[in-house]
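Colleague: Build me a model from this:
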Amino acid sequence: STGRRARLISRRFRKNHDQYNRQVFTGPPEQTKDYVMRAANELGKGEWRACLGLLVGLEVWELVPGEGAKEQIREVLMKEIKLAGLRTYLFAYSAQYESLSLNQLCGMFDMSKNEVHSVVSKMMINRELHASWDQPTETIVLRNVEPSSLQLLALQFAEKASNLVESNERLLDSKTGNYGHRDSDGNWKGGDNH
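Modeller: I've put the predicted structure just below:
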C-alpha cells in the first residue's frame, strides 16, 4: 500500500464518454446522458462555466423534493465543478506554461486566493503538479518533467493493451452478433441483424 487513496472511476461513464468522443458528429445534446458527456468535455477543456450551465440546466433538478433543494444542488455543483475545472486545467495545460499567476487562476475559476492556493498546494504535495510557489510575486513556477524511458514504455504498453482489449471486444461482438445500434424505431442496425 502506497498510502494514496485509489481513485474510483466509473467504467460505465468512461465507456459512454469514449463512445461519445468517437462520434463523427455530435449535435446539440438531447438526452441527459448527452448533456453530461458534453459537460465532461467542456470541463476537460477548463470551461467550467459551460459545464455548469449544461448540468444546472437539466430538468431532473426540478424533481428533487424540498424547499430550496435546487439552489443547494446548484451551489454544491458550482463549488465542485470549479474545483474539478481548476485541477483539470492544471493537469491539461501546465506543460504549456512556465508560470501561472495566482490572480489569473482566481479570475478564471472565480475562486478566492486561499481556495486556489490550497488546491494547487495539495496537487504539489501529491506530486500531481511539478511546480513551486514564488510567494513574493504570487505565481506558480512550473517545471516541465519529461517522462522517463520506463514511463514512455508504460504508456506504449497501455496503449497497445487498450487496442488489444478494443479489438477483442469487437471480435466478441461480431461472434455474438451484439454490435451495432438501434435506430429511432427500435430496430437493430449493424452486425448480422439487419
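
Colleague: What ranges does this structure have for its strands?
Modeller: According to DSSP state E, the chain carries its strands in the segments 99-101, 131-134, 139-142, 181-182, 188-189.

Colleague: Could you give the average pLDDT over the last one?
Modeller: Okay, so that is strand 188-189. Mean pLDDT, computed over strand 188-189, is 55.

Colleague: ok, now the first one?
Modeller: Within the predicted structure, the mean pLDDT of strand 99-101 is 90.

Colleague: And it, what's buried?
Modeller: Neighbour-count burial for strand 99-101, counted by 16 or more other C-beta atoms under 10 Å, picks out L100. Every residue, glycine included, has its C-beta placed from N, CA and C.

Colleague: just stretch 135-148 next, same as before
Modeller: For stretch 135-148, by 16+ other C-beta under 10 Å, it's E138, T139, I140, L142.

Colleague: For the second one, give the beta-bridge partners.
Modeller: If I follow you right, that is T139. S101, D134 (DSSP bridges).

Colleague: That one contacts L100, doesn't it?
Modeller: Yes: counting by C-beta atoms under 8 Å, L100 is a contact partner of T139 at 6.5 Å.

Colleague: Nearest approach to G44 belongs to which of the strands of the chain?
Modeller: strand 99-101 (18.4 Å; C-beta to C-beta).

Colleague: these two touch, right, S132 and I125?
Modeller: No: the criterion here is C-beta under 8 Å, and S132 misses it with I125 at 11.5 Å.

Colleague: Between these two, which is the more surrounded one?
Modeller: Higher neighbour count among S132 and I125: S132, with 13 against 9, using other C-beta atoms under 10 Å.

Colleague: distance of the more buried one from R170?
Modeller: 46 Å (C-beta to C-beta, to the nearest Å).

Colleague: what's the answer for W61, then?
Modeller: Separation of W61 from R170 (C-beta to C-beta): 38 Å.

Colleague: neighbour-wise, which of these two wins?
Modeller: Ranked by neighbour count (other C-beta under 10 Å), W61 and R170 place W61 first, with 15 against 11.

Colleague: Look up the closest residue to that one, ignoring the ones flanking it.
Modeller: Spatial nearest neighbour of W61, chain neighbours left out: K70 (4.9 Å); criterion: C-beta to C-beta, 6 or more residues apart in numbering.

Colleague: Surely that neighbour touches V60?
Modeller: No: with contact defined as C-beta under 8 Å, K70 and V60 do not form a contacting pair (10.2 Å).

Colleague: For the two, work out which one has more neighbours and name it.
Modeller: Each of K70 and V60 has its neighbours counted (other C-beta under 10 Å); K70 has more, 14 against 10.

Colleague: what's near enough to touch the more buried one?
Modeller: W61, E62, V64 (C-beta atoms under 8 Å, 6 or more residues apart in numbering).
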